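A.B. asks: sequence-free structure coming up:
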């Protein structure tokens, strides 16, 4: 079964410098029917104006992935990490027992467009940690490239949960397929472009929960970018 979460039905927050769309309940947006999917808790699509950002704030007991689509995102945290994330790079921060961090758009002329994803960890009070890796375009073109997993296989980021996260860049007529093992679930999130999922059309910002399917076939009539979560 595939259930589409329409982009226009997401929560929306506009704070001048920030335009944020919430796939699941977050901050002032609360929908008891949209509290996440399996261990996937948050998918926020954020656009931040030049020179603006999120000041230092705390997190704990959460696996946080940042995925930049356009522009760049500067990250600093209480672990001493300082980095800039650009398209093709994915960041993982394990908040664990507690971490402070900030996220800013370092550009004085270009906005940054990114996805922030929260996954519930498999246990609480983990030691905080940070990881960032680059996944070249050629590794994601018309194929699902593993970018995060529980065991960090295939050069992916390591997350503390039984979740595999894939990224794909689809070109016109491009296709990618993912086989779901029995008892596994999936969430598909369209970052850009239009994507067909087992024959159903997903538009930019749309998501879809998947259960009881043996395989997922992704295609596109034009350029598109998509994330696929394989969940316990």
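C.D. replies: Received the coordinates, thanks. Treat the numbers as computed from the prediction; the structure is a model and nothing was measured.
A.B. asks: what about stretch 71-88, how long is it end to end?
C.D. replies: For stretch 71-88, the first-to-last residue distance is 11 Å (CA to CA, to the nearest Å).
A.B. asks: again, but for stretch 25-39
C.D. replies: Terminal residues of stretch 25-39 lie 14 Å apart, using CA to CA.
A.B. asks: run a quick neighbour tally on residue 210.
C.D. replies: 23 (other CB atoms under 10 Å). Backbone N, C-alpha and C define where each C-beta goes, glycine included.
A.B. asks: that should have said residue 74, apologies.
C.D. replies: Neighbourhood size, residue 74 [other CB under 10 Å]: 16.
A.B. asks: quick one: contacts of the helix or strand containing it?
C.D. replies: Element membership of residue 74 [criterion: DSSP states H and E] is strand 73-77. Here strand 73-77 makes contact (CB atoms under 8 Å, 6 or more residues apart in numbering) with 48, 53, 56, 66, 81-86, 91, 93, 99-106, 112, 114, 130.
A.B. asks: one more pass at 7 Å, please.
C.D. replies: 66, 81-85, 91, 93, 99-106, 112, 114, 130 (CB atoms under 7 Å, 6 or more residues apart in numbering).
A.B. asks: for that strand, which strands pair with it and how are they oriented?
C.D. replies: strand 82-85 (antiparallel), strand 99-104 (antiparallel) (DSSP bridges).
A.B. asks: can you give me phi and psi for residue 172?
C.D. replies: Note on residue 172: backbone dihedrals following degrees, to the nearest 10 are phi -60, psi 120.
A.B. asks: next, the residue nearest to it when sequence neighbours are not counted: secondary structure please.
C.D. replies: Of all residues not flanking residue 172 in the chain, residue 222 sits nearest, at 5.3 Å (CB to CB, 6 or more residues apart in numbering). The three-state label given to residue 222 by DSSP: H, G, I helix; E, B strand; the rest coil is coil.
A.B. asks: roughly how far apart are residue 222 and residue 173?
C.D. replies: Residue 222 sits 9 Å away from residue 173, going by CB to CB, to the nearest Å.
A.B. asks: tell me which of these two has more neighbours.
C.D. replies: Higher neighbour count among residue 222 and residue 173: residue 222, with 13 against 10, using other CB under 10 Å.
A.B. asks: related to what we said a few turns ago, which residues does the residue nearest to residue 172 contact?
C.D. replies: Counting by CB under 7 Å, 6+ apart, residue 222 makes contact with 172, 193, 194.
A.B. asks: do you know how far it is from residue 9?
C.D. replies: For residue 222, the distance to residue 9 (CB to CB) stands at 24 Å.
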